[in-house]
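Asks: only geometry, no sequence info:
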């Protein structure tokens, strides 16, 4: 029954990994915002000078704005992908922890029937049957 030690060992690098992912997301966000701000400035400048520019110049400026917005979108998409990855990693660890907790509870109950309810009573101060009754009484469909 080395549940906690095994789990802690398996998530040992998780904080550092998350720090790296969040740092990269922040960097992507900064790059996205810079590209968006550049596109916005170019758009404002184009609107102010549109009557003075030739149609070729307007078209060229519109293309540059589109390129900047495409760059912003690329950074934004990459950030979304990275956030989904971090979510999946954390979700996987939560599911794994839930499974290990169930195994641990099962092992405890096999060794000493009723021990988990006794422990919960000591920790929470209410019996499991009271918790179940409260949950059932407060279910809203």
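Replies: Done, it's in. Since the structure is predicted, the reported quantities are computational estimates derived from the model, not experimental observations.
Asks: which of the three states applies to the spatially most central residue of the chain?
Replies: With distances taken as CA atoms, centre = their mean, the chain has residue 87 as the residue nearest its mean C-alpha position (4.0 Å). The three-state label for residue 87, taken from DSSP: H, G, I helix; E, B strand; the rest coil, comes out as helix.
Asks: for residue 59, give its distance to residue 42.
Replies: Relative to residue 42, residue 59 is positioned 13 Å away (criterion: CB to CB, to the nearest Å). Using the backbone N, CA and C atoms, a C-beta is placed for each residue, glycine as well.
Asks: neighbour count: these two, which is higher?
Replies: Neighbours were counted for residue 59 and for residue 42 using other CB atoms under 10 Å; residue 42 has more, 17 against 11.
Asks: quick one: contacts for the more buried one?
Replies: Residue 42 sits next to 61, 64, 65, 68 when contact means CB atoms under 8 Å, 6 or more residues apart in numbering.
Asks: mind putting those residues into CSV with neighbour count?
Replies: Formatted as CSV, the contacts of residue 42 follow (neighbours: other CB atoms under 10 Å):
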residue, neighbour count
61, 18
64, 15
65, 18
68, 20
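Asks: mind listing which of those residues are in helices?
Replies: Applying DSSP state H to those, the entries found in helices are 61, 64, 65, 68.
Asks: what sits against the second one?
Replies: Contact partners of residue 64, counting by CB under 8 Å, 6+ apart, are residue 42.
Asks: what is the neighbour count of residue 72?
Replies: Residues near residue 72, counting by other CB under 10 Å: 20.
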